[in-house]
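Undergrad: my questions are about this predicted structure, shown below with the sequence.
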Amino acid sequence: MSDQPSVIQFEDFVKVDLRVAKVLEASNHPNADKLVVLKIDLGYEQRQICAGLRGHYDPASLVGRNIIVVVNLAPRMMRGQESNGMLLAASSPDHTRVILLQPDADIEPGSKVS
């Protein structure tokens with residue numbers, strides 16, 4: 001197991017905007033060995049995000065899935081592709097397993113997670 005997490009205040013946690021997103025498209029990043037480029041639907045807009053899923057998920061298997069995304073991160077360039085959000089996933093301590101966090105039932109894209 002990893003070190004103990006640092007403690008944050010509740011006011012810091014509520015600044016994180018978590019939403020359900022539906023994956024519309026997914027493909028391997030053309031310039032990175034570990035990244036997948038996803039086009040997601042948030043209900044009110046579509047965005048592109050990059051995630052370290054390559055080797056853990058076939059991009060085609062991601063299309064149509066609902067995932068959980070942090071939507072209020074500042075955009076970031078990742079090997080020449082803009083990532084406008086971050087999906088949530090769990091990983092084993094040695095990072096040999098990466099598992100997407102997903103709602104256990106269908107819900108509209110853009111739904112808030114709390």
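TA: Structure's in. What do you need? Here the structure is a predicted model, which means the values were calculated and not measured.

Undergrad: beta partners for residue 27?
TA: residue 37 (DSSP bridges).

Undergrad: you'd agree it is up against residue 57?
TA: No: if you go by CB atoms under 8 Å, residue 27 and residue 57 don't touch, sitting 11.8 Å apart. Where you see a C-beta, it was placed from the backbone N, CA and C, and this is true even at glycine.

Undergrad: centre-most residue in the protein?
TA: Most central in the chain under CA atoms, centre = their mean is residue 87, positioned 1.1 Å from the mean C-alpha point.

Undergrad: give me the common contacts of residue 27 and residue 57.
TA: Shared contacts of residue 27 and residue 57 (CB atoms under 8 Å, 6 or more residues apart in numbering): residue 36.

Undergrad: do I have it right that residue 34 meets residue 57?
TA: No: taking contacts as CB under 8 Å, residue 34 lies outside contact range of residue 57: 11.6 Å.

Undergrad: name the residue in residue 27 and residue 57 with the higher neighbour count.
TA: More crowded of residue 27 and residue 57, by other CB atoms under 10 Å: residue 57, with 17 against 13.

Undergrad: quick check: phi and psi at that one.
TA: Torsion angles at residue 57 (phi, psi; degrees, to the nearest 10) stand at phi -140, psi 140.

Undergrad: for it, give me its contacts.
TA: Applying CB under 8 Å, 6+ apart, the residues near residue 57 are 36, 98, 100.

Undergrad: same question, residue 48
TA: Each residue near residue 48 by CB under 8 Å, 6+ apart is listed here: 37-40, 81-84.

Undergrad: just the buried ones from the residues you listed?
TA: Burial by neighbour count, 16 or more other CB atoms under 10 Å: within the contacts of residue 48 this picks out 37-40, 81, 83-84.
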